[in-house]
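In: give me coordinates for this.
(4 chains)
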Amino acid sequence: MFSFELLLDAVVIGVLLGCFYAAVSLGLSISFGLLDVPHVAHPAFLVLAAYAVFFLNEHYGIDPLVAGLLITPLFFLFGLLAYRLYYETFEKRGSDAGVRGIAFFFGIAFIIEVLIILQFGVDQRSVTATYVGKAWRIGDMRIPFRLIVAFMVAAALTILLTLYLSRTFMGRAIRAVAQDQEALRLMGADPIRIKQWAFGIATAVLGITGALLIIVAPVEPTLDRTYIGRTFCVVVMAGLGSMSGTLVAAIILGIAETIVLTLFGASWAPAISFAMLLGVLAVRPQGLFGRRS
Amino acid sequence: MKRNGVFFWVGAAVFLIAIALMTKLITNEYPFFAGYVILQFIVLAVAWSILGGHAGYVNFGTSAFFGMGVYTAVFLFKVAGAPLLVQIAAAAAVGALMGFALGLLTLRMQGIFFSIATIALTIVIETSITNWRYVGGAAGIQLQRPPVTWPFSGYVQMLFFVQAVLVVLAVVVSRYIQNSWIGRGLQALRDDELAAECTGVPTLRLKVLACVVSGALMCAAGAPAAMYLQYADPSSAFNLNYSVSTLAMSLIGGTAHWAGPIVGAILLGTTQQLLTVTISSEVNVLVLGVMLVLFVVAAPEGLIGLLRRVRDKRREGKQ
Amino acid sequence: MERRTLLGGTITAAVLGLTFGLTSAAFAQQPPIKIGMSMAQTGGLAGGGKASQLGIEVWRDDVNARGGLLGRKVELIVYDDKSSASETPAIYSKLLDVDKVDILFAPYATVPTAPLMPLVKQRGMLLMGNFSFQVNSKVGHDMWFNNAPWGPADSWASSFLDLGQKAGGKTIALLAADQEFAQNLAKTAREVATKLGMKIVFDQAYPPSTVEFSGILRALKAAKPDIVYVASYPPDSAGILRGVNEIGIGDNVKLFGGGMVGLQFGAVMENLGSLLNGVVNYNTWLPEPSMYHEGTKAFFETYTKRAVEAKVDPLGYYLAPYGYASGQMIEQAIKAVGSLDQKALAKYLRENTHKTIVGPITFAADGEWKESGVVQAQFRGIADKNMEQFRSSGKQVVLFPDKMKSGTLVTPFEAARK
Amino acid sequence: MTPPDTSAPLLQISGLTKRFGGFTALDNVSVDIRPGERFGLIGPNGSGKTTLINCISGAFRTEARTVVFRGEDITQLPAHVRTRRGIARSFQIPRPFRSMTVVENLMVALDFAVATDPLVSAAHRHETAMSILSGMGLASKADASATTLSQVELRKMELARAMATRPKLLISDEAMAGLSSSEVDEVLDLLMSLADQDITVIMIEHIMQAVMRFSQRVMCLDAGKIIAIGAPNEVMANQRVQEAYLGT
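Out: As a prediction, the model looks like this:
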């Protein structure tokens, strides 16, 4: 079954799929990677955004990407609120936020799941747009437009976030807060406000990536559970808080998954990506592009 | 301490006798079916807390251990028709081995990284079982129980009693660990691993020990599930629900005392069983979510923590 | 001191927790006929479960409007099994021992049903199955009756492969989800293909969490099969059809589909729209003239109204009429036997042919339908985003079985898609 | 194991080099510490003092035979075994076991570091812990949670915990940082009294008066190298030492 063409195909699809994984992981790369918030409800927020996009698309015929942009400010506010709640209940009280933080976000994720079921029912949903269901032909190869959209959005988001974190004052402050809160406090900045802002941005990104989620594949209310492993896998493999690292790690994951799916036993695909994660954790606990030594 | 010890052993004996009497006196089978599930979660929560509570290493892979317990039993039953006790003992051995491997992971990973590694481990193991056709693969496998052995009147009654014995075993182990030098060492390394090591605590050895004990108990708790359901399929056996519920039960009960996870498991387990046969809809999941959020926000040390605080306040009041 | 009280509390709570159900049964009044079941309200099977349940509820209301059974009202007791195998033994024990139901219906699908087969057999209860697949083959319970029209285990695959062979197919590709139902379908397909002398050129099980099917479809395309047999679940069915539409499947392919779950559900079909065209897939009921029987039309009128309020599948072709049929069969059996004696009811069900809204049903010894009632139908002329189109005939042309045939197969697949 | 010759060095560091990536934290350091010695270790921030301690106590691994304690190569031993062999330390930033009381902190040391004699009952160990605490003037705080202690009490508790491991060599890492001058004297007196109990003490300190008063010998590190070693007065007078300190 092995052929060079298939391998090439798998790599191309893998890169694009990887970009999609990167896009849905970028927010987590900020909230968990930079802010150390064990945000296991990140995929639940993502699915929520996808349903919001579905709602706008279904009832007002708004293009999913536009809808994603429309809900972004809403999700930003939602993020500000969520962090405030997390901060008041955990970080403010000091140590041992880890386990309980995780449990807290699991609770939030379940609540979101049920709210979605109550509002939209359990059936899977998808959106219509001109670029859903068509492909781009290059010679013998055909690439679905959906994935090209995912690729472009992921690239744009990575570039924007990297620039934001390195060029703007707030962005630099966010990176500083990840490394040394005390130093920042001495400089007269309020680390809590900065972290809240950063969490807001991490959640705002979900608006547009939620649109990607429902463009790439149909969504159902409990879809978030499959994405918990995948997004954390990407972020940890990348090394905490590196945006470009997230992109590269996600692409590696996407390629590995697609190659196994296409050329070897497809049913082994999930084991491969998580075995890779275990390998990375064992050899380089700080991740491939980690900030910590 | 000594008086407590007597009370504990008497209590454990009374508990087992009560369970044994129940299997004789109650003819209705439902209490055994529902009770079995609650007992199973008590073992899981107590076992989880040995590592998660004492040592502070959050294991998300409860379902991996549980599922391996199920499939160890399935394998032994299919290959040799092994009796229940052999299935459980073998599952404990497999769990101990898995725990040993997990313990070695703690050498390089701490905190959330350890937790993520356990998620990864779960998926790798589940995928492997899914691809193992001999035990049914993804399609699952149906099993037929052998006839029940004396002195039990029914197989479910026997499973119920066996799981109750596992509960006592788990609690005895957990209580021993908490009150012994092992518990003190684990507590020290949870507070500060480097300081513990420099105070003479063999941290790696203790962590491995905690992982082995915890893993063996979780796997053992999973083994009877094969005969309970008489069916096994990977997605049910490795269900994320086991990991989340166990974590939730331990936190809701409180991990500072060995009794915490018991209280949490009884409370949440009973609630879940009750909801299943009352409200019985997606609201079920909502209750779990709300309980989790409420407890970690309002009672961060769990019910045991709340009790202690109330007791301390009362003492202060008296003085 | 603290420890003693805690342990004491532990025991009390445990005992209390276990006996809470005992008392409620003592208050049972002069009884309605209670039918108990679990049905997925949450998890992956919830969509089907809820539609199926609505079908049964419509029957309950109909039968009660006709004055009930044996002069007693019919009452349903339904619990959520969360789509999981681990919940059902306790639920059915509650139904039997606490609620003391008179008749048991099985939950929707195989996984939740499998663990209760031994329990039900041991208790000597009749069990009316609900779309599980070959769940009784090992247990051999002689009071099991499946409402699903699967028939003999291999009839499903052979109907599809027969069509393929007649269209000139010699090679086959198998693509199946790595989950219980799909794997069972793939297994029988493998056996049937070998029997028919077809060559299996591609055989893959993809994991249930697969997001993107482009890669695997490319590999399938490269194997150049004549027939593609897909056994998939709703989320993947959509992903696979999208992928096929985007990257194509090759001109060799004469027949595509077979065992795709999801292409029977209104929401999925509406979403996929024109992507469905050309696909030949199994089905249990379609709005073709040959499939209407006495009461079918009235049933769908009621169902359609109530489905909107209940937020369940607005079409409900796949499961709901069979849920209703389960009720009809039990109704006929109870009326004929004149009691709720399980053995007598089972005997009646086994030995007679039952008139239902999905047609006459006769059971084989293993409790499956004697003859398969599964149809294979080809989607034709489907437009995008239109739920109503599926209500008219001709959109899904029945190709198999011959007696219900309403059209001929259009091949090759690529041509049929246009 | 033969008892070590009292004239032989207790701790021999020879040719110890420690690199992190491209950065050399310790560069070929060699020094012998004699039994019963009060040894001062000074140097500017980042000069490698704490790295050296970590290499001795086992937090960092080093090459074979670079660290020899009581005539034995201990480089391959994990930290807790070194503690049992008699090397105890305190930390620059106190690291108490926060979920425990003060006396429980000491019990950890007694449970683990001291050769376990099954005949020694828990009650007896508790007594030992209490006597160490009263020696440090912490007896009244025995049942207080470690989180409620003041800075100086924390420092004392760390020393007490280290003492509970029955060390031959105690390494005190800036145990006086952040204390008032009267508290500095208190801690210094404590350390002096330990040295009287035949315990060798290595003291890292920035407070020069304390170092001068305490040490019999002083070593100064700069950029991972020994730049001076000898009697306190000589080292203080050394020009490179003065430059190193002024230079930072």
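
In: what helix or strand is residue A:271 on?
Out: For residue A:271, the element it lies in under DSSP states H and E is helix A:269-283.

In: again, but for residue D:156
Out: Going by DSSP H and E, residue D:156 is in helix D:151-164.

In: near chain B at all, that helix?
Out: Yes. Using Cβ under 8 Å from any Cβ of the partner chain, we find that helix D:151-164 touches chain B at D:161-162. In short, each C-beta sits where N, CA and C put it, glycine included.

In: how about that helix as CSV, C-alpha atoms only?
Out: Provided in CSV are the C-alpha atoms of helix D:151-164 (Å, rounded to 0.1, in the frame of the first residue of the first chain):
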residue,chain,number,x,y,z
GLN,D,151,11.0,34.5,59.7
VAL,D,152,13.5,33.8,62.5
GLU,D,153,11.4,31.0,63.9
LEU,D,154,11.4,29.4,60.4
ARG,D,155,15.1,29.7,60.3
LYS,D,156,15.5,28.0,63.6
MET,D,157,13.0,25.3,62.7
GLU,D,158,15.0,24.5,59.6
LEU,D,159,18.1,24.2,61.7
ALA,D,160,16.3,22.1,64.2
ARG,D,161,15.0,19.8,61.4
ALA,D,162,18.5,19.5,60.1
MET,D,163,19.8,18.7,63.6
ALA,D,164,17.2,16.0,64.0
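
In: for it, packing partners?
Out: If contacts are counted by 3 or more Cβ pairs under 8 Å, 6 or more residues apart in numbering or on different chains; DSSP states H and E, helix D:151-164 sits against strand D:87-89, helix D:102-112, helix D:122-136, strand D:169-173, helix D:181-196.

In: identify the residues contacting the spatially most central residue of chain D.
Out: Centrality entry for chain D: nearest residue to the mean C-alpha point is residue D:171, 0.8 Å, by Cα atoms, centre = their mean. Residue D:171 sits next to D:53, D:56-57, D:87-90, D:201-204 when contact means Cβ atoms under 8 Å, 6 or more residues apart in numbering or on different chains.

In: out of the residues you listed, grab the one that's most surrounded.
Out: residue D:87 (30 neighbours; other Cβ atoms under 10 Å in any protein chain shown).

In: now it: how far from chain B?
Out: 9 Å (Cβ to the nearest Cβ, to the nearest Å).

In: could you measure from that residue over to residue C:298?
Out: From residue D:87 across to residue C:298, the span is 89 Å (Cβ to Cβ, to the nearest Å).

In: do the one helix or strand residue D:18 maps to and chain B come into contact?
Out: Following DSSP H and E, one finds residue D:18 within strand D:11-20. No. Using Cβ under 8 Å from any Cβ, strand D:11-20 stays clear of chain B, coming no nearer than 16.0 Å.

In: and the contacts of that strand?
Out: A:293, D:24-33, D:48, D:51-52, D:55-56, D:60, D:62-63, D:65-69, D:169, D:200, D:224.

In: contacts for the helix holding residue D:156?
Out: B:199, D:88-91, D:94-96, D:102, D:105-106, D:108-110, D:113-114, D:128-129, D:132-133, D:135-138, D:141, D:146, D:149, D:170, D:172, D:175-176, D:178-180, D:183, D:186-187, D:190-191, D:194.

In: what about that helix, average pLDDT?
Out: The average pLDDT within helix D:151-164 is 90.

In: who in chain D is up against chain B?
Out: Counting by Cβ under 8 Å from any Cβ, chain D sits next to chain B at D:57-59, D:78-81, D:83-84, D:88-89, D:91, D:95-100, D:104, D:107-109, D:111-114, D:161-162, D:165.

In: drop anything exposed from the residues you listed.
Out: Among these, those classed as buried by neighbour count (16 or more other Cβ atoms under 10 Å in any protein chain shown) are D:57-59, D:78-81, D:83-84, D:88-89, D:91, D:95-100, D:104, D:107-109, D:111-114, D:161-162, D:165.

In: can you say which helix or strand has the nearest residue to residue C:87 once chain neighbours are set aside in it?
Out: Among residues not flanking residue C:87 along the chain, residue C:81 sits closest, at 4.4 Å (Cβ to Cβ, 6 or more residues apart in numbering or on different chains). For residue C:81, there is no enclosing helix or strand under DSSP H and E.

In: near residue C:81, how many other residues are there?
Out: Residues near residue C:81, counting by other Cβ under 10 Å: 33.

In: tell me which residues in stretch A:271-288 are buried?
Out: With the criterion 16+ other Cβ under 10 Å, stretch A:271-288 contains buried residues A:271-278, A:280-281, A:285, A:287-288.

In: which among these are in contact with chain B?
Out: A:271, A:274-275, A:277-278, A:281, A:285.

In: residue ranges for the strands of the chain, please.
Out: With no chain named, the answer covers chain A. A:135-138, A:141-144 (DSSP state E).

In: sorry, I should have been clearer: chain B.
Out: B:141-142, B:231-232.

In: who wins for proximity to chain D among those strands?
Out: Evaluated with Cβ to the nearest Cβ, the strands of chain B place strand B:231-232 nearest to chain D, the distance being 40.3 Å.

In: give me the helix or strand of chain C that scores worst on average pLDDT.
Out: helix C:2-26 (a mean of 43; mean pLDDT, DSSP states H and E).

In: ok, residues contacting the next helix or strand after that helix?
Out: Reading on from helix C:2-26 to the C-terminus, the next helix or strand found by DSSP H and E is strand C:33-38. With contact meaning Cβ under 8 Å, 6+ apart, strand C:33-38 is reached by C:56, C:60, C:68-70, C:72-81, C:87-88, C:91-92, C:95-96, C:99-107, C:112, C:130, C:330, C:334, C:340.

In: one more time with 7 Å
Out: The contact list for strand C:33-38 (Cβ atoms under 7 Å, 6 or more residues apart in numbering or on different chains) reads C:69, C:72, C:74-81, C:88, C:91, C:95, C:99, C:101-107, C:112, C:340.

In: check stretch B:157-165 too.
Out: B:16, B:19-20, B:23, B:32, B:35-36, B:39-40, B:43, B:84, B:148, B:152, B:224, B:227-228.

In: run the last query once more with 6 Å
Out: Contact with stretch B:157-165 is made by B:19, B:23, B:32, B:35-36, B:39-40, B:148, B:152, B:224, B:228, as judged by Cβ atoms under 6 Å, 6 or more residues apart in numbering or on different chains.

In: any idea which of the strands of chain B is most buried?
Out: strand B:231-232 (a mean of 30; mean count of other Cβ atoms under 10 Å in any protein chain shown).

In: many thanks, I have nothing further to ask.
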